[in-house]
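1. sequence and predicted structure are below.
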Amino acid sequence: MIKGFGILEMLISLSLGLGMLTVIIAHASENGRLARKITSNQERLEAIFHTVDTIKSDLNKCGMRLQEAGKSFAMPWFESSPGGFKVTYGLADEALLENALQGQQTLKIDNNDFFNKDKIVLIYDRPGQVWEFNEISDFYGGVVALKNPLQHDFPRNSPVLALKKVEYKFYPAQRVLKRKNDKGNFQPLLEEVTDFYVTFFPDANSVLYRIEVNKKEQIRGYIFLLNLVQP
């Protein structure tokens, strides 16, 4: 009898122990799931904040260092299309140290670290009402080597600007918003994007954008392109 009671007692103890272990495992699993969900939500919020900050930074720079050229020439520093937009701004500017003639493929300027190979440059002459874009093939000793011959003559002191172009594009099938610098490749900026659109108001020089994530969160922004405003 004592031996039988001991076995029964042991079975009951094992059953209770297994029940408690099941509860502990289930609780730990739920805690792990909640922790992963919190971490995932935090990472998504951080990605959204980073995306918004990047968009604001690029839009605020749109047309930077290009105000003077904009007074005389109609240049598209901001371009929008369904599911994306492009902005252009100046990284640095220098003046020609000597005349540059049509057909020439070099420009003489002061040394400047922003005038790198493959950078797009803008050269213009307001009095002569001429301007053109070109691309740097090399830069050495204050001489900018161009990929294409000049189409116009430019007198000494004509401005030369090194430009930066940034493009955003929404890929609906991939649910990804991507960003590209200059001639580089598009890089993912924000995932799980279910809608993205941009509206440009030329009369107000302002941009309205909206990002929708997972068909839930919606982020809207309205930004004035101050560098496009002519005094």
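-> On my side now, so go ahead.

2. all contacts plus neighbour counts: C-alpha atoms, from now on.
-> Fine.

3. what average pLDDT does the helix or strand harbouring Thr88 get?
-> Assessed by DSSP states H and E, Thr88 sits inside strand 84-95. For strand 84-95, the mean per-residue pLDDT is 96.

4. dump it to CSV, keeping only the CA atoms.
-> Provided in CSV are the C-alpha atoms of strand 84-95 (Å, rounded to 0.1, in the frame of the first residue of the first chain):
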residue,chain,number,x,y,z
GLY,A,84,8.6,59.8,-57.1
PHE,A,85,10.5,63.0,-57.4
LYS,A,86,13.9,64.5,-58.2
VAL,A,87,15.8,67.4,-56.7
THR,A,88,19.0,69.2,-57.8
TYR,A,89,21.2,71.4,-55.7
GLY,A,90,24.7,72.9,-55.8
LEU,A,91,27.4,71.4,-53.7
ALA,A,92,30.0,74.1,-54.5
ASP,A,93,30.7,76.9,-56.9
GLU,A,94,33.8,78.4,-58.4
ALA,A,95,34.5,81.1,-61.0
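
5. the closest residue to Gly90 other than its chain neighbours: what's it in contact with?
-> Nearest non-adjacent residue to Gly90, counting by C-alpha to C-alpha, 6 or more residues apart in numbering: Leu163, 4.5 Å away. By C-alpha atoms under 8 Å, 6 or more residues apart in numbering, Leu163 lies in contact with Thr88, Tyr89, Gly90, Leu91, Ala92, Lys119, Ile120, Val121, Leu122.

6. which of these sits closest to Arg179?
-> Closest to Arg179 out of the contacts of Leu163 is Thr88 (13.5 Å), distances taken as C-alpha to C-alpha.

7. beta partners of the closest one?
-> Judged by DSSP bridges, the bridge partners of Thr88 are Lys165.

8. sorry, back to before: just confirm the residue nearest to Gly90 is within a helix.
-> No: read with DSSP: H, G, I helix; E, B strand; the rest coil, Leu163 is strand and lies in no helix.

9. measure it to Asn185 for me?
-> 17 Å (C-alpha to C-alpha, to the nearest Å).

10. one step back: how near is the residue nearest to Gly90 to Phe133?
-> 10 Å.

11. the spatially most central residue of the chain is in what secondary structure piece?
-> Per C-alpha atoms, centre = their mean, the C-alpha nearest to the average position across the chain is that of Arg179, at 4.6 Å. Element membership of Arg179 [criterion: DSSP H and E] is strand 176-181.

12. would you mark the buried spots in that strand?
-> Val176, Leu177, Lys178, Arg179, Lys180 (16 or more other C-alpha atoms under 10 Å).

13. again, but for stretch 85-101
-> 85-97, 100-101.

14. what's the offset of it from the middle of its chain?
-> With C-alpha atoms, centre = their mean, to the nearest Å as the basis, stretch 85-101 stands 22 Å off its chain's centre.

15. that'll do, ta.
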